[in-house]
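Novice: Could you look at this predicted model? Sequence included:
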Amino acid sequence: LISSHIGQGKQGAVVCTGRWPSAGKGGVAAVKYPVEAEELELYARVHDIHGLPDLLDFGRLPGPRTEKGEFYMAMSKIEPCL
């Protein structure tokens, strides 16, 4: 469940907050969409570096959307938001 808009990137990706089962304390995550496969692969390699949000979940959007960039990723929400 997406609840509020945090920001938007230069290439059109948006980041929103939302309820996420694996988000732990408070159950709120930052959800980014769309995410290119390359960005997702890179983030999966570095997300465990101290100071970066944890990668909680990722996937392809359900339905017929299979075009490049139709992935999402959910990250732990850190304060202040970067």
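Specialist: Yep, it's here. Residues are numbered from 1 along each chain as shown.
Novice: Skip the chain neighbours and tell me the closest residue to Gln8.
Specialist: Spatially, and ignoring its direct neighbours in sequence, Gln8 is nearest to Val14 (5.0 Å; C-beta to C-beta, 6 or more residues apart in numbering). For the C-beta atoms, the positions are set from N, CA and C on the backbone; glycine is no exception.
Novice: State the number of residues packed around the one you found.
Specialist: 14 (other C-beta atoms under 10 Å).
Novice: Enumerate every residue touching it.
Specialist: 5, 7-8, 32-33 (C-beta atoms under 8 Å, 6 or more residues apart in numbering).
Novice: ok, of the residues you listed, which one's closest to Leu55?
Specialist: Ranked by distance to Leu55 (C-beta to C-beta), the contacts of Val14 are led by Lys32 at 10.5 Å.
Novice: other SSEs contacting the helix or strand hosting the closest one?
Specialist: Element membership of Lys32, judged by DSSP states H and E, is strand 28-35. Contacts defined by 3 or more C-beta pairs under 8 Å, 6 or more residues apart in numbering; DSSP states H and E place strand 28-35 against strand 2-8, strand 14-19, strand 55-60, strand 71-76.
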